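K.L.:
All I have is the shape, not the residue letters:
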């Protein structure tokens, strides 16, 4: 019997953080958070979520902030 097992990224979800200031360029309302889950699959059917990669990008200065670099203000806006 052959089993097809592997990993595959899921669908990206984006959210614009309104009224949040970029810590690098100090512009307000320019941060967009991208969240993308990574799934383990069996026969191309997602079974388990392995991790959820999140990062924020400023549309003004193009700086990328990874989840570990999120400010408390960014985390509050993301949880709402």
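P.N.:
Yep, it's here. Model, not experiment: these values are computed from the prediction.

K.L.:
Can you tell me how far residue 4 is from residue 63?
P.N.:
Using CB to CB, to the nearest Å, residue 4 is found at 39 Å from residue 63. C-beta: built from backbone N, CA, C; applies to glycine.

K.L.:
Neighbour count: these two, which is higher?
P.N.:
Using other CB atoms under 10 Å, the more surrounded residue of residue 4 and residue 63 is residue 63, with 15 against 9.

K.L.:
How about the more buried one: what's its closest non-neighbour residue?
P.N.:
Closest residue in space to residue 63, ignoring its immediate chain neighbours: residue 24 at 4.6 Å, by CB to CB, 6 or more residues apart in numbering.

K.L.:
Verify the stated contact: the one you found with residue 61.
P.N.:
Yes: at 5.6 Å, residue 24 counts as touching residue 61 under the criterion of CB atoms under 8 Å.

K.L.:
Strands of this protein, start to end?
P.N.:
5-9, 13-17, 31-42, 45-58, 64-66 (DSSP state E).

K.L.:
Least confident of the ones you listed, on average?
P.N.:
Confidence, taken as mean pLDDT, is least for strand 5-9 of the strands of the chain (a mean of 91).

K.L.:
tell me the angle of that strand relative to strand 45-58?
P.N.:
Angle of strand 5-9 versus strand 45-58, following axes from the mean of the first three to the mean of the last three CA atoms, to 10 degrees, is 30 degrees.

K.L.:
so what secondary structure elements neighbour strand 5-9?
P.N.:
For strand 5-9, the elements it packs on are strand 31-42, judged by 3 or more CB pairs under 8 Å, 6 or more residues apart in numbering; DSSP states H and E.

K.L.:
Report the inter-axis angle for the strand it packs on versus strand 13-17.
P.N.:
Going by the same axes, to 10 degrees, strand 31-42 makes 160 degrees with strand 13-17.

K.L.:
helices or strands next to strand 31-42 in the packing?
P.N.:
strand 5-9, strand 13-17, strand 45-58, helix 72-79.

K.L.:
could these go into a markdown table alongside distance to residue 38?
P.N.:
Listed next are the helices and strands packed on strand 31-42 as a markdown table, based on distance: least, CB to CB, whole Å:
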| stretch | distance to residue 38 |
| --- | --- |
| strand 5-9 | 5 |
| strand 13-17 | 13 |
| strand 45-58 | 5 |
| helix 72-79 | 19 |
